[in-house]
Structures are given as C-alpha cells and as structure tokens.
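Chemist: Provide a 3D model corresponding to the input given below.
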Amino acid sequence: MADTPWTPSRVETHLTEAADVLARLPETRMRGFISVWPPTVREFWESFGWQEAVLKRPPPSAGAIDRMDAALRWLLWLDTADARIVWLRACGRPWKEVCWTVGLARAAAHQHWLFALCVIAWKLNGNPVPRHMSKRDLIAATRAAKS
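Modeler: Okay, the predicted model is just below:
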C-alpha cells in the first residue's frame, strides 16, 4: 500500500479513522479519589429496566493509534480554518454545522475542505505544494494525477 499514491479520498478515509480512534480512547480520570464503600449489589428484579444498557466499543489497537497520530500531524500542514473544516468533517459533522462553526457558505466550506485534502495528498506524495497555483488549479492537478 506504500506504493499507492495518496488521493483526497484516501486522506479522508485515514482522517475519519483517526477521529473514530480518538473517540474510542478511554477517557482520562483524576487520580487519588476513591471510595471505601463496597459496590452495591442489586438483585435482578431491583435493577432491571432502570437504566439503558450502554454498549462500549472496544479500545483501538496500537496500530490504529499510530495511524491516528500520523494523521493528526497532517492537520499541521493546513491553515487553521481549513484544518478545522477537515476535522469537523472527519468527526462526521454535517455540512450545516460545519458552515455555522466556521462562518462560511456551503460551497466555500466544501472548496476549503477539498483543497485541504488535496494539499495533504500532494505533500504525502512527496510533492511540494506550488505557491503559484490557485485552489481550483491544485484540485484539478490532484484529480489529473490520480487518473
């Protein structure tokens, strides 16, 4: 898979996986506060139906955490607004919420998102991002390179 060139859709998949892994990491808790009371043991008829069953997903593997760390570093290559748009979309936020958060119209937010994915793919393929290209030209060049 190392020989496969990076595309914006592949970058998006890795960022989505990174957001999922970050959500599945165990939460941090403060140390030092414990209870000396024993846990309350309830009978079946006392506790049935009082609380909804909470199913937890398993913790991520070590390889998934390593891929998450690598993908999160990619966001440092982007402008702050573009990185925020990419991360909100990776977390599964709808476009309406993304647009409201960053203060852009839907078309402009989508253009920023696509440009940011192209910049990441361009850099991961070992190419320096040309400064003279417009956003539209860079997106077209990235699409032409993958086909």
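
Chemist: tell me which helix or strand of this protein sits lowest on mean pLDDT?
Modeler: helix 44-47 (a mean of 64; mean pLDDT, DSSP states H and E).

Chemist: buried ones in the helix or strand following it, by neighbour count?
Modeler: As assigned by DSSP states H and E, the chain's next helix or strand after helix 44-47 is helix 62-74. For helix 62-74, a neighbour-count test (16 or more other CB atoms under 10 Å) marks 64-65, 67-68, 71-72, 74 as buried. All C-beta spots, glycine's among them, are computed from the backbone N, C-alpha and C.

Chemist: and helix 62-74, C-alpha only, in PDB?
Modeler: C-alpha atoms of helix 62-74 as PDB (Å, rounded to 0.1, in the frame of the first residue of the first chain):
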ATOM      1  CA  ALA A  62      -1.800   0.000  18.900                       C
ATOM      2  CA  GLY A  63      -1.600   0.200  15.100                       C
ATOM      3  CA  ALA A  64      -4.700   2.300  14.900                       C
ATOM      4  CA  ILE A  65      -3.400   4.700  17.400                       C
ATOM      5  CA  ASP A  66      -0.100   5.000  15.500                       C
ATOM      6  CA  ARG A  67      -2.100   5.800  12.300                       C
ATOM      7  CA  MET A  68      -4.100   8.300  14.200                       C
ATOM      8  CA  ASP A  69      -1.000  10.100  15.500                       C
ATOM      9  CA  ALA A  70       0.300  10.300  11.900                       C
ATOM     10  CA  ALA A  71      -3.000  11.600  10.500                       C
ATOM     11  CA  LEU A  72      -3.300  14.200  13.200                       C
ATOM     12  CA  ARG A  73       0.100  15.600  12.200                       C
ATOM     13  CA  TRP A  74      -1.200  16.200   8.700                       C
END
